[in-house]
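Peer 1: Next one to model:
(one chain, ligands or ions: 3)
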Amino acid sequence: MSEVRVLLLPGDGIGPEVLAEARALLEALGPATGLRFSFSDDLIGGAAIDAYGTPLREETIEAARQSDAVLLGAVGGPKWDYLPKATRPEAGLLGLRKELGLFANLRPVKVFDALADASPLKPEIVRGVDLLVVRELTGGLYFGQPSELVRGPEGRRAVDTLPYTEAEIARIVDLAFRLARERRRKVTSVDKANVLNTSQLWREVATEVASRYPEVTLEHALVDSCAMRLVSRPRDFDVLVMENLFGDILSDEAAVLAGSLGMLPSASLHGAPPSRPGSPARLFGLYEPVHGSAPDIAGRGIANPIGAILSAAMLLRWTLGQEAAATAVEAAVADVLDAGIRTADLAGSGTQPVGTAEFGRLVRERALARLSAG
Ligand SMILES: NC(=O)c1ccc[n+]([C@@H]2O[C@H](COP(=O)([O-])OP(=O)(O)OC[C@H]3O[C@@H](n4cnc5c(N)ncnc54)[C@H](O)[C@@H]3O)[C@@H](O)[C@H]2O)c1
Ligand SMILES: CC(C)[C@H](C(=O)O)[C@@H](O)C(=O)O
Ligand SMILES: [Mg+2]
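Peer 2: Ligands and ions are numbered 1, 2, ... in the order given. Below is the predicted model:
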């Protein structure tokens, strides 16, 4: 039985609550997939600040490097909001992504049939949505220099910088095209080329990359009107590729289509996934739900674990090439939702919601049943 080393970084707020369900799922599926998961745990974010005085230790980066994959919950919360940028919980997550070179963040947004009426948008707008946000993750405003906030005698001033090189743009756009080739063959490259130099470069490079993929259609879209189309005509989209901050914002917006921010998973990779899942080579990845630590509901056992569970499915698919297991997990989530079972964020009035652990248990049961039925 092959061993898979997974580093668990539960983080803060609802992070540990949802990550427990992702872990239990992988553990349960191990025997059916011929894999033995060996988990190690570490602190990141606010929890690491409280224990070690820093949001990310060198030891944690090293432990991640020694693992096949990392599963992360969420970081941050009001307790640490007073801290300056470089020492906040969020800096721990950004540091980990950067140190591991995880430049490609895949954020799939699929609307489950049972949830077509869970969105505040009309069911006919969201039904059947299946899009993929490919977010550049290690460049742009998040990491550009200079970056400072100065509180001086002349007053306060602050600066953030948005840099991108041709190579950084080319590698993420290329990855978007590779993924689009296996999907519905359309890439929407999102920018603000009517204002930003980086976006003009982005558009040029995207057009050059596109010439290598004649079978895939490239569309350029300005980020502002794209944000509007995302909630008015979301089925227009297949793969969307964009810089770091645009991807952060548009992916949370896209969560409205899926019915809750708790629904969305993500994979952060340092290279192109094998063009077809199922390849024996392992591709290291950091997997995490798109949502944050949700301080408003933390500690109550009511968080939606689907984003974390679907992140574990992405781990099975992209790091381990276990397509059948990944599909079984996704179908198991659909089964539980089809049975009318919901966590509080999705439950309509008059519906009795189930808690995080109960939802996780039901998905595990269905995933195992589906996998053993072949
Ligand atoms: N990847 C991460 O670790 C990550 C991502 C986003 C935000 N954050 C951090 O989280 C903290 C809180 O940020 P925020 O409130 O703006 O965003 P958030 O994503 O934590 O929460 C936004 C809203 O969505 C709800 N929500 C989020 N996940 C949910 C889930 N699984 N189930 C049910 N409801 C869910 C919350 O209750 C809240 O009402 C901040 O410190 C922020 O920096 C971390
Ligand atoms: C917590 C924060 C640093 C992070 C980001 O902005 O990348 C989060 O919002 C996300 O989407 O993963
Ligand atoms: Mg975000």
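
Peer 1: Is stretch 324-339 in proximity to ligand 1?
Peer 2: No - interface with ligand 1: stretch 324-339 contributes nothing (C-beta under 6 Å from any ligand atom), its closest point being 13.3 Å away. Just so you know, the C-beta spots here come from the backbone N, C-alpha and C atoms, and that holds for glycine as well.

Peer 1: Equivalent analysis for stretch 283-294, please.
Peer 2: Yes - against ligand 1, stretch 283-294 shows contacts by C-beta under 6 Å from any ligand atom at 288, 291-294.

Peer 1: got a list of what the one residue sitting closest to the centre of the chain touches?
Peer 2: By C-alpha atoms, centre = their mean, the mean C-alpha position of the chain lies nearest to S266, the distance being 2.2 Å. S266 makes contact with 105-107, 251, 287-290, 311, 314, according to C-beta atoms under 8 Å, 6 or more residues apart in numbering.

Peer 1: swap the cut-off to 6 Å and go again
Peer 2: By C-beta atoms under 6 Å, 6 or more residues apart in numbering, the contact list for S266 reads 105, 107, 288, 290.

Peer 1: Where does the residue of the stretch 201-350 of the chain found nearest ligand 1 sit: helix, strand or coil?
Peer 2: Distances between the stretch 201-350 of the chain and ligand 1 by C-beta to the nearest ligand atom are smallest at G292, namely 2.3 Å. Three-state assignment for G292 (DSSP: H, G, I helix; E, B strand; the rest coil): coil.

Peer 1: Pull the number of nearby residues for the residue nearest to D81 when sequence neighbours are not counted.
Peer 2: Closest residue to D81 apart from its sequence neighbours, by C-beta to C-beta, 6 or more residues apart in numbering: R88 at 7.7 Å. Neighbour count of R88, defined by other C-beta atoms under 10 Å: 20.

Peer 1: can you check V209 too?
Peer 2: A total of 23 residues lie near V209 under the criterion other C-beta under 10 Å.

Peer 1: Just after the helix or strand where G95 lies, pick out the following helix or strand.
Peer 2: Assigned by DSSP states H and E, G95 belongs to helix 89-99. As assigned by DSSP H and E, the chain's next helix or strand after helix 89-99 is strand 104-110.

Peer 1: Packing partners of that following strand?
Peer 2: Applying 3 or more C-beta pairs under 6 Å, 6 or more residues apart in numbering; DSSP states H and E, one finds that strand 104-110 makes contact with strand 130-136, helix 244-258, strand 267-269.

Peer 1: The same query, at a cut-off of 10 Å, please.
Peer 2: Packing partners of strand 104-110 (3 or more C-beta pairs under 10 Å, 6 or more residues apart in numbering; DSSP states H and E): strand 130-136, helix 166-181, strand 239-242, helix 244-258, strand 267-269, strand 285-287, helix 306-314, helix 323-338.

Peer 1: Check the average confidence over the third one, would you?
Peer 2: Meaning strand 239-242. If you average the pLDDT over strand 239-242, you get 99.

Peer 1: Just give the strands next to that strand in its sheet, each with its orientation.
Peer 2: strand 130-136 (parallel), strand 186-191 (parallel) (DSSP bridges).

Peer 1: interface residues of the stretch 151-300 of the chain facing ligand 1?
Peer 2: Contact residues (C-beta under 6 Å from any ligand atom) of the stretch 151-300 of the chain with ligand 1: 260-262, 288, 291-297.

Peer 1: Give me the buried entries from those residues.
Peer 2: Neighbour counting with 16 or more other C-beta atoms under 10 Å marks 260-262, 288, 291-295, 297 as buried within these.

Peer 1: still on that earlier bit, now the strands paired with strand 239-242 as JSON lines including mean neighbour count and mean pLDDT?
Peer 2: Putting the strands paired with strand 239-242 into JSON lines (neighbours: other C-beta atoms under 10 Å; pLDDT from 0 to 100) gives the following:
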{"stretch": "strand 130-136", "mean neighbour count": "24", "mean pLDDT": "98"}
{"stretch": "strand 186-191", "mean neighbour count": "25", "mean pLDDT": "98"}
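
Peer 1: So which residues of the stretch 1-150 of the chain form helices?
Peer 2: With DSSP state H, counting those that start in this stretch as the criterion, the stretch 1-150 of the chain has helices at 15-33, 46-52, 58-65, 89-99, 123-126.

Peer 1: Could you save those helices as JSON lines and add columns showing mean pLDDT?
Peer 2: As requested, those are arranged in JSON lines below (pLDDT from 0 to 100):
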{"stretch": "helix 15-33", "mean pLDDT": "96"}
{"stretch": "helix 46-52", "mean pLDDT": "98"}
{"stretch": "helix 58-65", "mean pLDDT": "98"}
{"stretch": "helix 89-99", "mean pLDDT": "98"}
{"stretch": "helix 123-126", "mean pLDDT": "98"}
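
Peer 1: who wins for proximity to D335 among the ones you listed?
Peer 2: helix 15-33 (13.9 Å; C-beta to C-beta).

Peer 1: can the closest one be found next to ligand 2?
Peer 2: No - Helix 15-33 stays clear of ligand 2 (C-beta under 6 Å from any ligand atom), getting no nearer than 10.9 Å.

Peer 1: Which elements pack onto that helix?
Peer 2: Where contact means 3+ C-beta pairs under 10 Å, 6+ apart, helix 15-33 is packed against strand 2-11, strand 35-41, helix 46-52, strand 69-74, helix 306-314, helix 323-338, helix 356-373.
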